[in-house]
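Colleague: how does the following fold in three dimensions:
(chains A and B)
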There are 2 protein chains.
Amino acid sequence: MLNTNETHDPTLRSWVASANGPQTDFPLQNLPYAVFRRAGATEAWRIGVAIGDQVLDLTHALCVDGLPELKDPELQNACRQSTLNALMTLGQPAWHALRLALSRALRAGAPAAAVLADALVPQSAVEYALPAQIGDYTDFYTSIHHATHVGALFRPDNPLLPNYKWVPIGYHGRASSIGISGQQFARPLGQTLPAGAATPELGPARRMDYELELGVFIGKGNAAGQRIALDRADEHVFGLCLLNDWSARDIQAWEYQPLGPFLAKNFATTISPWVVTLEALAPFRQPWARAVDDPQPLPYLDSPAHRDAGAIGIALEVAICTPQMRQAGLPPQRLGQSQFAQSYWSIAQMVAHHTINGCNLQAGDLLGSGTQSGPLAHEAGSLLELTHGGKQPMTLANGETRTFLQDGDEVILRGRCAADGAVSIGFGLCSGTLLPALD
Amino acid sequence: MLNTNETHDPTLRSWVASANGPQTDFPLQNLPYAVFRRAGATEAWRIGVAIGDQVLDLTHALCVDGLPELKDPELQNACRQSTLNALMTLGQPAWHALRLALSRALRAGAPAAAVLADALVPQSAVEYALPAQIGDYTDFYTSIHHATHVGALFRPDNPLLPNYKWVPIGYHGRASSIGISGQQFARPLGQTLPAGAATPELGPARRMDYELELGVFIGKGNAAGQRIALDRADEHVFGLCLLNDWSARDIQAWEYQPLGPFLAKNFATTISPWVVTLEALAPFRQPWARAVDDPQPLPYLDSPAHRDAGAIGIALEVAICTPQMRQAGLPPQRLGQSQFAQSYWSIAQMVAHHTINGCNLQAGDLLGSGTQSGPLAHEAGSLLELTHGGKQPMTLANGETRTFLQDGDEVILRGRCAADGAVSIGFGLCSGTLLPALD
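Modeller: Residues are numbered from 1 along each chain as shown, chains lettered A, B, ... in the order given. All right, here's what the predicted structure looks like:
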């Protein structure tokens, strides 16, 4: 269980001026990691830390001796890599040491400021790569509201399956097609069964959707055959990002029996570049949202410490920017918003469940939270829910309507944490654009 | 489409005597690849080629200039790696060049024999690693007999789902827990719902099963958004191995709705060390087994060239060796046998379908064929089928009975190809052992 510490002190300010405003996603209390390089440059990818509207280049910072508190050569070496995997492998004490060193070097009055200023690159001038080499990607289904809404479309009398309140349902996704914010992909082709038809047809998917999710990067893994106990699970979690699990609902409906979603999902998954560490999220723990009549989870998914740790409060939202909106200079329009603290299953429960059978997790593995929806209509994390399975089109502010996504639509996810006595932090953007199908 | 060539000539014999008997899996006409090292040694993993009961060490062979026909430096470099990924990436012309060079250097009378003899290591003295770094693992469901048998257990009146004869059903599996022949793993713990119970319980899985499958290693991949056309699909396939998709049927039954199998499968998957190339399998093409009333596949899954290419005939079998059998010195007992040519969907159709939506495959990706079963009772590729869902125990020759696997049971897969006018080739062994559950 994580406690807040010196790095969460809300009175801390940075010598990077843009980190001190109330609007920034990246104050001194956040310090998320990404893999970046100067846009258009041929330089190597390196690890960066967000501070205000800047990226601190870790390789450069070490080169100029700008992180004097960071003595461990293994940790220094991990900071000089082109992915976060080595840093993830080192485990929580190393992650804390790095965060503390960064916090001290970036706070107002730090002696290192003079040399570190040269290691800053404006975020507007960089491009990002995937933060880690992702070995395996697993997507969960932790929002009971999403599961209930989607279930109701198929089984109005019995929306929630009997296993839902016992099993943190998950399935394996495709790692190769995970892309970073800015990902653009063609509308997928696939088999669908038109209503009333006896035989399927091949064509571009017609019911393209987004899914508003969080991604969870595994830090330290477990050996095959070993289980990660619920109360140790957080030690294995490096941090969180935003995740859009693009979905072709018409392909999914025809293919998913009996083995689950496949081509309906594996053409593209977009994540945000910044990984917000679990330590940065510690001040935003809050009580669980479980109803009193929910069954007590089985013992491997329940403990006093886990109950005390609480849920992580992350306000999520999804917005759309259509080609017409872009042409008219209109800003993206919010479609839905939800709160991760309402998730039925926690990150620790996902990890404990995933390994209860001895399945080995590895540094850089990505877990998706599943679509995060709330109980109310405007809290839907997908168009499938917002439009009641495509039956109720929604009207945008500029008069356009949508049931599902149209070619050229950009979908933008955001996430932000706020709590009394804490400086608010955010996740940056996770944006992706649906392009027309290729011939 | 592959044609037979000089390397398939049945009259060719090797200067490695053990490669010339009728029983060997590895005559000169096979030449499969593995990653190996001397057992117990601390030496680096390297690529080897099976010839009779020996392994030709490719790194050593190149070092002593034993493959004079292999001129391409890029190809030479790929042969010196510790996985097959680089070789897989090079594509079919390179694969053919290497096979031809090996065939000529290993055939009786080859001048290289003198120097190459030093590059041989007895198979009995080596250990194997996974042949490739597997980025993503997808398991298909291509045996209509398996799908029908399993469907009948759950839906006696309607065993085959409506999408089966249209969609090559597949789902994503777990890459991290794939192990090489010899893999031993503990009986997984998991949630199950006992018959008649209202709430699930956690415990060791009771219905442990094997699945008799082939694995397909992708060679050359495709860029995201690009499709691999059916008639080009074989150019992207490096080769085949045996695959045991261990399954916990009781965990599967409780967890698999609505997103498919997860913890019931991802604790372990075992593959054979030797990858038999698609080129080596060319002489074993035979007519498709499709029934005349099966629907014509959609055009992206059907072509004249694909129909002409035919199925690949591979006789598969699965055997068990129980602790009692081992103690009594009894050989493994065959439980089932089947024929890959009876698969409803081909490897090319798996590849074309997987990429129809633009999903990118990468060198080293592994596709499973799904459990291969035939129409007859003894042709079942799983205990679930052999014992009718665990209701009809089978009696082994030594008097033991089994419904599902017991602790200590070893399961051994074999595969072999035979055809008129061709030298028979085999896949070696794929063995794995179920250990007792860990506390």
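
Colleague: excluding its backbone neighbours, what's nearest A:Ala86?
Modeller: Distances taken as Cβ to Cβ, 6 or more residues apart in numbering or on different chains place A:Ala78 nearest to A:Ala86, at 4.0 Å, with adjacent residues excluded. C-betas here are computed from N, CA, C, even on glycine.

Colleague: no, scratch that, I was asking about A:Val55
Modeller: Leaving aside its sequence neighbours, A:Val55 sits nearest to A:Gly48 (Cβ to Cβ, 6+ apart; 3.9 Å).

Colleague: that neighbour and A:His60 touch, don't they?
Modeller: No: proximity of A:Gly48 to A:His60 does not meet the contact threshold set by Cβ atoms under 8 Å, at 9.4 Å.

Colleague: those two: who's more crowded?
Modeller: Legend: neighbour count by other Cβ atoms under 10 Å in any protein chain shown for A:Gly48 and A:His60, higher for A:Gly48 (29 against 18).

Colleague: surely the more buried one is in a strand?
Modeller: Yes: the assignment for A:Gly48 by DSSP: H, G, I helix; E, B strand; the rest coil puts it in a strand.

Colleague: pull the contacting residues for it.
Modeller: Each residue near A:Gly48 by Cβ atoms under 8 Å, 6 or more residues apart in numbering or on different chains is listed here: A:Tyr33, A:Ala34, A:Val35, A:Phe36, A:Val55, A:Leu56, A:Asp57, A:Leu58, A:Val121, A:Val126.

Colleague: how much space between it and chain B?
Modeller: 25 Å (Cβ to the nearest Cβ, to the nearest Å).

Colleague: show the pLDDT at that residue.
Modeller: The score at A:Gly48 is 98. That number is its pLDDT.

Colleague: so how far is A:Ser14 from it?
Modeller: 15 Å (Cβ to Cβ, to the nearest Å).

Colleague: what about the residue lying closest to A:Val351 once chain neighbours are set aside, neighbour count?
Modeller: Closest residue in space to A:Val351, ignoring its immediate chain neighbours: A:Ala233 at 3.9 Å, by Cβ to Cβ, 6+ apart. A:Ala233 has 21 neighbours, counted by other Cβ under 10 Å.

Colleague: ok, now A:Arg206?
Modeller: The burial count for A:Arg206: 16, using other Cβ under 10 Å.

Colleague: run through the residues that contact it.
Modeller: A:Arg206 is in contact with A:Thr192, A:Asp250, A:Phe404, counting by Cβ under 8 Å, 6+ apart.

Colleague: contacts only, for the first one.
Modeller: So the one you mean is A:Thr192. By Cβ under 8 Å, 6+ apart, A:Thr192 lies in contact with A:Pro200, A:Glu201, A:Gly203, A:Ala205, A:Arg206, A:Asp250, A:Ile251, A:Ala253, A:Trp254.

Colleague: just the ones of those residues in strands?
Modeller: Members of those lying in strands (criterion: DSSP state E): A:Glu201, A:Gly203.

Colleague: mind putting the contacts of A:Thr192 into TSV with pLDDT and distance to A:Gly135?
Modeller: Output for the contacts of A:Thr192, formatted as TSV (pLDDT from 0 to 100; distance: Cβ to Cβ, whole Å):
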residue	pLDDT	distance to A:Gly135
A:Pro200	98	34
A:Glu201	98	36
A:Gly203	98	34
A:Ala205	98	28
A:Arg206	98	34
A:Asp250	97	31
A:Ile251	97	26
A:Ala253	94	30
A:Trp254	96	30
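
Colleague: and of the contacts of A:Thr192, the nearest to chain B?
Modeller: Nearest to chain B out of the contacts of A:Thr192 is A:Pro200 (Cβ to the nearest Cβ; 5.1 Å).
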